[in-house]
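Engineer: show me the folded form of this:
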Amino acid sequence: MSTTTLEKTEAGPAPTAQSPRRTRRRGERGPLGAALLHAGLALASLIALAPVAWLIFLSLGPDKDDYLHPSKILGHLTFSNYSFVLQHTAFFDWFKSTMIVALGTTLIGVFVAATTGYAVSRMRFPGYKSLMWVLLLTQAFPIAILIVPMYEIFSELGLIDTYWALIVINCTTAVPYSAWLLKGYFDTIPFEIDEAGRVDGLTPFGTFARLILPLARPGLAVAAFYNFITAVGEVAFATTFMLDDSKYTFAVGLQSFVSEHDAQWNYMAATAVLIAIPVSVFFYLVQKNLVTGLTAGGTKG
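Structural biologist: Residues are numbered from 1 along each chain as shown. Next up, the predicted model:
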């Protein structure tokens, strides 16, 4: 009896082994989460690109009032607005002035911000903490109350209607933020590198220039881009301090298309698109380091 039962048990089909259930790793998204993420990114991209696409579309309209009836632009697309801006305005003078001011602000501003951020990050001198807070406090003053006293100061110095005036003013706006950004980035670079430089006989500035700056390239790229776009987009000081038409920047030149009773929106749109070209080129040159610089600069305070 027991032998028969044993034989039947042995001859029975073997139980099928169940495949182990796949465990989702930490941080891994499911199909629904991935779909929602991609949908959100697509929507954000459309929202970001819509104003740019609308601006380009208006720049192809032949009439200044086409923005009131945009559907009519489709049948009359033209590049005449671009040819008018390039041939019958001071566009290239605006371009020259903007590049002088923007590149000057970028070079001087990044240098001052980098040396300031490095000094506060590495050196402990009296008031080093207060220095950074004073820089941050300068951003609390609105431009409207600064124009008159700064105009008087630059007038006494003979800097009115000069590029140096705009470069210095733009640096006062861009340097505080850039110094905070680079200070945070320098904090992520090990102090042992500075000690190695001193052992090799480098001066503090030699250590900064030869060892630290190459490692801080991503942070410098972010600071340079911020200084550049700050100078390109500044309007209030450029309008007040630049008196010669040939020294107008892009931001001031755009105002020539607006009068008391009229605005040439088609020419403004075409000029705005052309202005975006040098900014896009500068962004392309530094974009490889932008993401790294933005994230690494915030790891330490």
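Engineer: tell me which helix or strand Leu182 sits in.
Structural biologist: Secondary structure from DSSP states H and E places Leu182 in helix 163-187.
Engineer: what comes up buried for that helix?
Structural biologist: Buried residues in helix 163-187, defined by neighbour count with 16 or more other CB atoms under 10 Å: 163, 165-171, 173-187. From N, CA and C alone the C-beta is placed, and that goes for glycine too.
Engineer: for stretch 102-109, same thing?
Structural biologist: Neighbour counts using 16+ other CB under 10 Å place 102-106, 108-109 of stretch 102-109 among the buried residues.
Engineer: same check on stretch 217-226?
Structural biologist: By neighbour count on 16+ other CB under 10 Å, the buried set for stretch 217-226 is 218-226.
Engineer: stretch 244-254 too?
Structural biologist: 247-254.
Engineer: can you tell me which of those residues end up in helices?
Structural biologist: The helices, defined by DSSP state H, take in 250-253 from the buried residues of stretch 244-254.
Engineer: output the residues you listed as TSV; include the columns pLDDT.
Structural biologist: Below are these laid out as TSV (pLDDT from 0 to 100):
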residue	pLDDT
Phe250	89
Ala251	85
Val252	87
Gly253	87
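Engineer: tell me which of those is nearest to Ile143?
Structural biologist: For those, the residue nearest Ile143 by CB to CB is Ala251; the value is 13.2 Å.
Engineer: wait, that closest one touches Ala231, no?
Structural biologist: No: the criterion here is CB atoms under 8 Å, and Ala251 misses it with Ala231 at 9.5 Å.
Engineer: shared neighbours of the two, which are they?
Structural biologist: Counting by CB atoms under 8 Å, 6 or more residues apart in numbering, the shared contacts of Ala251 and Ala231 are Thr98.
Engineer: which residue ranges of the stretch 1-150 of the chain form helices?
Structural biologist: 2-11, 31-59, 80-88, 91-122, 128-137, 143-156 (DSSP state H, counting those that start in this stretch).
Engineer: what about the strands in the stretch 201-301 of the chain?
Structural biologist: Using DSSP state E, counting those that start in this stretch, no strands are found in the stretch 201-301 of the chain.
Engineer: return, as residue ranges, the portions of it with sub-threshold pLDDT.
Structural biologist: Flagging of the stretch 201-301 of the chain using pLDDT under 70 yields the residue ranges 260, 290-301.
Engineer: 50 instead?
Structural biologist: Applying pLDDT under 50 to the stretch 201-301 of the chain flags residues 297-301.
Engineer: and the helices in it?
Structural biologist: Under DSSP H, counting those that start in this stretch, the stretch 201-301 of the chain gives helices at 204-207, 213-215, 217-233, 236-241, 250-253, 265-296.
Engineer: may I have the fourth one as CSV, with CA atoms only?
Structural biologist: As requested, C-alpha coordinates have been extracted for helix 236-241 and formatted as CSV (Å, rounded to 0.1, in the frame of the first residue of the first chain):
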residue,chain,number,x,y,z
ALA,A,236,17.4,101.4,-18.8
PHE,A,237,21.0,102.4,-18.4
ALA,A,238,21.8,102.0,-22.1
THR,A,239,18.9,104.3,-23.0
THR,A,240,20.1,106.9,-20.5
PHE,A,241,23.8,106.9,-20.9
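Engineer: would you mark the buried spots in it?
Structural biologist: The neighbour-count check on helix 236-241 (16+ other CB under 10 Å) flags 237-238, 240-241 as buried.
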